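1. need the 3D shape of this:
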Amino acid sequence: MKTMQALVFKKIGKIEPETLPVPTLQEPTDVLIKVAACGICGSDIKILEGKHAYKENTVLGHEFCGTVAEIGPAVHSLKVGDRIAIDNNPRCGVCDYCRMGFSSQCEWIKERTIGIFKNGGYAEYAVAPESVCYKLPESMDDITATQVETLGTVMNGMNTVQMQPWDSVLVLGCGPIGYLFTSLAKNIAAEVMVTEIDPFRLNIAKQLDVPALNPNETDLAKEIKERTNGKGVDIVIDAVGTQLGEALKYVTAGGKILAFGMDDSVQVALTPYQVTRRAVKILGTYIGQNTMLPSIKILKSGKINLKPFFTETIKLQQGVEAFAKLGLDLKTMQHVPKKALKIVLKP
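-> Below is the predicted model:
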């Protein structure tokens, strides 16, 4: 029996290296992938904190790419040797949500998400159905390709919020998601601002060439009023998952708030009158939805500067150490100052 190295989520606060059997194809449409690289996502940190859906004894990692090592007998669009990126959320295609074009709510996602409920890319090999595999252009390197799925989720948010060239935009939080939203907004909107309180990430935010503000050091409401003639911004994007209440303070009448970041431990008290009277639109999106191919096109174009985005690439065996750099000390389960934006694991 062939074996491989993997990082396994055992329970809240515990992830550790293990030797596992190389996975085998279970369905005719399955694909065995030799993992080339896998990014550590903020949702993986939330899993370790118990602030996200999870399944114990699962190989985490959903931001991954690799090479096709084996295909099932019913696979027709791929061949051994193809380089691919993964949409980690298989859809059934036949539920009401899928058939109404709202596949991000497919019932399968509750139990088949790769890297959360099914073993993912923190390993040397992974299995995925053909339907979630996307061929990569030869010009795209493996590190960049780890972010195809991530950018796809952001693209779903962009499609939902329908940003226009005359809009003013405020992105709350400059983690990886906030970085990508800000980078896309720069290509579209008339004015873009981003916030961040962590010193390491604030320094990265400043490299985006837009106003990067620390709400702990700046009167953000005053700053926004001065920049928008007292009206507030047209679009506020909560890239953290905790800032919906704050977003209402900064959005203009008739503006839009995109609730994007996820943290199911947070509750926010809202005054419905403020939403109704000011005709504010609060929108929510979840994962990507028909956005993998657009994501590949954008990354291929080079319009997003990813040089500050990727902090470091490390070996899979060092993966446990990476979480402290991303802000979670697994020994104490306390938040610590961040020393990275995006860390990529390589088997």
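2. what sits against the closest residue to Ile114 other than its chain neighbours?
-> Distances taken as CB to CB, 6 or more residues apart in numbering place Asn88 nearest to Ile114, at 4.0 Å, with adjacent residues excluded. Heads up, the C-betas are built off the backbone N, CA and C, glycines and all. If a contact means CB atoms under 8 Å, 6 or more residues apart in numbering, then Asn88 has His62, Thr113, Ile114, Gly115, Ile116, Gly120, Ala128, Val132, Glu149 as its contacts.
3. list just the nearest of those to Ala205.
-> Compare each of these with Ala205 using CB to CB and the shortest gap goes to Glu149, at 22.7 Å.
4. am I right that that closest one sits in a helix?
-> Yes: secondary structure assignment places Glu149 in a helix (DSSP: H, G, I helix; E, B strand; the rest coil).
5. so how far is stretch 246-266 off the chain centroid?
-> Remark: stretch 246-266 is offset 18 Å from the chain centroid, using CA atoms, centre = their mean, to the nearest Å.
6. which of the residues in it are buried?
-> Within stretch 246-266, the residues that count as buried by 16 or more other CB atoms under 10 Å are 246-248, 250-252, 255-262.
7. mind picking the two most distant members of the residues you listed?
-> Thr252 and Met262 (25.3 Å).
8. which of the contacts of Asn88 sits closest to Val75?
-> For those, the nearest to Val75 is Ala128 (10.9 Å; CB to CB).
9. could you list the low-pLDDT ranges of the protein?
-> The model of the chain has no residue with pLDDT under 70.
10. can you give the domain ranges for it?
-> If you go by automatic domain parsing, the domain ranges for the chain are 3-147+309-346, 153-284.
11. quick one: terminal-to-terminal distance for the last one?
-> Here the two ends of domain 153-284 are set 12 Å apart, with distance taken as CA to CA, to the nearest Å.
12. and if you look at the first one?
-> Domain 3-147+309-346 has an end-to-end distance of 17 Å (criterion: CA to CA).
13. let's have the chain start at 250 instead
-> Sure, I'll start counting at 250 from here, so that last one is domain 252-396+558-595.
14. enumerate every residue touching Gly533.
-> Shown here is Gly533, whose contacts under the criterion CB under 8 Å, 6+ apart are Leu507, Ala508, Phe509.
15. please repeat the previous calculation with a cut-off of 7 Å.
-> Contact criterion CB atoms under 7 Å, 6 or more residues apart in numbering gives Ala508 as the residues in contact with Gly533.
16. for it, give the beta-bridge partners.
-> For Gly533, the residues forming beta bridges with it (DSSP bridges) are Ala508.
17. which residues in the stretch 300-449 of the chain form helices?
-> With DSSP state H, counting those that start in this stretch, the ranges of helices along the stretch 300-449 of the chain come out as 345-348, 358-361, 391-394, 397-410, 425-435, 448-454.
18. and Thr268, which of those helices is closest to it?
-> Of all those, helix 391-394 sits nearest to Thr268, with 23.6 Å by CB to CB.
19. that closest one packs against which elements?
-> Using 3 or more CB pairs under 7 Å, 6 or more residues apart in numbering; DSSP states H and E as the contact criterion, the secondary-structure elements in contact with helix 391-394 are strand 279-288.
20. dump the strand it packs on to PDB, keeping only the CA atoms.
-> What follows is strand 279-288 as a C-alpha-only set of coordinates in PDB (Å, rounded to 0.1, in the frame of the first residue of the first chain):
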ATOM      1  CA  ASP A 279     -12.900  10.700  -9.800                       C
ATOM      2  CA  VAL A 280      -9.400  12.200 -10.400                       C
ATOM      3  CA  LEU A 281      -6.300  11.500  -8.400                       C
ATOM      4  CA  ILE A 282      -4.300  14.700  -8.000                       C
ATOM      5  CA  LYS A 283      -0.600  14.900  -7.100                       C
ATOM      6  CA  VAL A 284      -0.700  18.100  -5.100                       C
ATOM      7  CA  ALA A 285       1.800  20.800  -6.200                       C
ATOM      8  CA  ALA A 286       0.900  23.500  -3.700                       C
ATOM      9  CA  CYS A 287      -1.900  24.400  -1.200                       C
ATOM     10  CA  GLY A 288      -2.600  27.800   0.400                       C
END
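21. buried ones in the next helix or strand after that strand, by neighbour count?
-> On the C-terminal side of strand 279-288, the nearest following helix or strand under DSSP states H and E is helix 291-298. The neighbour-count criterion (16+ other CB under 10 Å) identifies Gly291, Ser292, Asp293, Ile294, Lys295, Ile296, Leu297, Glu298 as the buried residues of helix 291-298.
22. stretch 479-486 now?
-> By 16+ other CB under 10 Å, the buried positions in stretch 479-486 come out as Gly481, Val482, Asp483, Ile484, Val485, Ile486.
23. repeat that for stretch 404-414.
-> Of the residues in stretch 404-414, those buried under the neighbour-count criterion (16+ other CB under 10 Å) are Met404, Asn405, Gly406, Met407, Val410, Met412.
24. the last one contacts Ile484, correct?
-> Yes: with contact taken as CB atoms under 7 Å, Met412 and Ile484 are classed as touching, separated by 6.1 Å.
25. which neighbours do the two have in common?
-> With CB under 7 Å, 6+ apart applied, the overlap between the contact sets of Met412 and Ile484 consists of Val418.
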